[in-house]
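In: Need a 3D model of the sequence below.
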Amino acid sequence: MTSSAPHQAPAPDRQDLHNPSIEESAAALGHCGMTDLHTGRVCQEPQDHAGSCAFVASAPGAR
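Out: Below is the predicted model:
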């Protein structure tokens, strides 16, 4: 018997990776990865941290 209910795919580990403001390389290392769009600095706090982001300049040539 088939169900008419929609099938939901399993949620990925980091749903926020679909946000263009998240630096994927930092997020892959377990960091928050939020990017300050004015400066290009990336938050190096742990994923799901409490409080404000701590933005750090990325290393030259990292992108």
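In: in stretch 32-47, what's buried?
Out: Neighbour-count burial for stretch 32-47 flags 32-35, 41-45 (criterion: 16 or more other C-beta atoms under 10 Å). In this view, the C-beta of every residue, glycine as well, is placed from N, C-alpha and C.
In: Averaged pLDDT, that stretch. What do you get?
Out: Average pLDDT, stretch 32-47: 93.
In: Name the surrounding residues that touch that stretch.
Out: 14, 16, 21-27, 30-31, 48-49, 51, 53-58 (C-beta atoms under 8 Å, 6 or more residues apart in numbering).
In: In strands, which of those fall?
Out: 55-56 (DSSP state E).
In: Which ones among the contacts of stretch 32-47 lie within helices?
Out: 24-27 (DSSP state H).
In: For PyMOL, what selects the buried ones among the contacts of stretch 32-47?
Out: Provided next is the PyMOL selection string for whichever of the contacts of stretch 32-47 are buried by 16+ other C-beta under 10 Å:
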select buried, resi 14+22+23+26+27+31+53+55+58
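In: re earlier: just send the buried residues of stretch 32-47 back as CSV, with secondary structure too.
Out: Output for the buried residues of stretch 32-47, formatted as CSV (DSSP: H, G, I helix; E, B strand; the rest coil):
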residue, secondary structure
32, coil
33, coil
34, strand
35, strand
41, coil
42, strand
43, strand
44, coil
45, coil
